[in-house]
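Novice: structure here, sequence nowhere to be found:
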């Protein structure tokens, strides 16, 4: 049954000329930056922030702080049922990082993943979860919450489409949860920085766990809050320093734009840290980002996934998921 679902990949360069296509998820964070009167200024400023942060972290043989440039591609993934139909459904988007060494001219493969956007995740969090809690009586999650999404993600990472394109497993890097408390573990990594551990798994941690990803939290040098890294394998040894720096510089920049209360605060996270969006001692970037619009559009796209993917293909999806091998941890 696993062969009944296949994937295809399209690539779009994310630069100052980027404009979201009609097929792109409009709730994708980088797509949000690329709309409006200041779209090109937003993109140019965001990319400059990424390059500055990369060179700040990659100091070896980089006396002028301008040796490296980060190049980003948006990886859009389409799903197709192998039943002869031509219909494809856009399931997720991630970012692929490349690093240009201006001194040697070499281009280094970074990490794929980074930002993570998914129609089906919008459906789970914006449609399924609210429906499960509509009656009151305390917060609850359905027993199979995120199960289909997790199996589809694992199937994609194991697919020929992924393996032919990307030599390593993905790493997703996002914000810490405002519902959890984090404490320094005492572990210090030369690139990732100070490790934090959470008091318990968040709903997001559990959701990514169903995707076959474990989580660790690190606050790199010069950062003011830890980032959440979701990965397979060994985060500390599977990737080079330049690869880790590429992910840090890219996603820390986006988080400064999306969640400045946490990632652009005027003071660093303490030994015990509880992130909050109510924090007032922070700096705003000069980049326009509409957080409220993104929340509204997540509901719209969750409904789209329900109407065009989940409901019309429910029987096939249920049969496929039931036949897919259980995750072995």
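Specialist: Perfect, thanks for sending it. This is a predicted model, so every value here is computed, not measured.
Novice: please enumerate the helices of the protein.
Specialist: Counting by DSSP state H, the chain forms helices over residues 29-33, 39-57, 119-123, 129-132, 147-158, 160-163, 203-209, 241-258, 260-263, 291-305, 314-323, given from the N-terminal end onward.
Novice: with respect to residue 228, which of those helices lies nearest?
Specialist: helix 203-209 (7.7 Å; C-beta to C-beta). For the C-beta atoms, the positions are set from N, CA and C on the backbone; glycine is no exception.
Novice: make JSON lines out of the helices of the chain and add distance to residue 80 and mean neighbour count.
Specialist: Listed next are the helices of the chain as JSON lines, based on distance: least, C-beta to C-beta, whole Å; neighbours: other C-beta atoms under 10 Å:
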{"stretch": "helix 29-33", "distance to residue 80": "23", "mean neighbour count": "22"}
{"stretch": "helix 39-57", "distance to residue 80": "31", "mean neighbour count": "19"}
{"stretch": "helix 119-123", "distance to residue 80": "15", "mean neighbour count": "24"}
{"stretch": "helix 129-132", "distance to residue 80": "27", "mean neighbour count": "13"}
{"stretch": "helix 147-158", "distance to residue 80": "12", "mean neighbour count": "21"}
{"stretch": "helix 160-163", "distance to residue 80": "10", "mean neighbour count": "13"}
{"stretch": "helix 203-209", "distance to residue 80": "24", "mean neighbour count": "18"}
{"stretch": "helix 241-258", "distance to residue 80": "29", "mean neighbour count": "24"}
{"stretch": "helix 260-263", "distance to residue 80": "37", "mean neighbour count": "20"}
{"stretch": "helix 291-305", "distance to residue 80": "16", "mean neighbour count": "16"}
{"stretch": "helix 314-323", "distance to residue 80": "12", "mean neighbour count": "14"}
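Novice: tell me which of those helices sits nearest to residue 111.
Specialist: Using C-beta to C-beta as the measure, helix 241-258 is the one of these that comes nearest residue 111, at 4.9 Å.
Novice: which neighbouring elements make contact with the closest one?
Specialist: Here helix 241-258 is seen to pack against helix 29-33, helix 39-57, strand 68-81, strand 89-101, strand 107-118, strand 171-175, strand 227-231, helix 260-263 when contacts are counted using 3 or more C-beta pairs under 8 Å, 6 or more residues apart in numbering; DSSP states H and E.
Novice: give me the buried positions along the third one.
Specialist: To tie it back to what came earlier, the one meant is strand 68-81. Buried residues in strand 68-81, defined by neighbour count with 16 or more other C-beta atoms under 10 Å: 68-79, 81.
Novice: sheet partners, orientation included, of that strand?
Specialist: Sheet neighbours of strand 68-81, with direction, are listed as strand 5-14 (antiparallel), strand 89-101 (antiparallel) (DSSP bridges).
Novice: most tightly packed of those strands?
Specialist: Looking across those with neighbours counted as mean count of other C-beta atoms under 10 Å, the highest average goes to strand 89-101: a mean of 21.
Novice: mean confidence (pLDDT) on that one, please.
Specialist: pLDDT averaged over strand 89-101 equals 94, rounded to a whole number.
Novice: what do you get for stretch 72-79?
Specialist: Looking at stretch 72-79 alone, the average pLDDT works out to 94.
Novice: return the distance of that stretch from the chain's centre.
Specialist: Centre-to-centre, stretch 72-79 and its host chain are 12 Å apart (C-alpha atoms, centre = their mean, to the nearest Å).
Novice: residues in contact with it?
Specialist: 5-15, 18, 23-24, 28, 30, 47, 50, 88-98, 112, 152, 156, 161, 250 (C-beta atoms under 8 Å, 6 or more residues apart in numbering).
Novice: measure the residue lying closest to residue 201 once chain neighbours are set aside to residue 147 for me?
Specialist: Nearest in space to residue 201, with sequence neighbours left out and distances taken as C-beta to C-beta, 6 or more residues apart in numbering, is residue 209 at 7.5 Å. As judged by C-beta to C-beta, to the nearest Å, residue 209 and residue 147 stand 11 Å apart.
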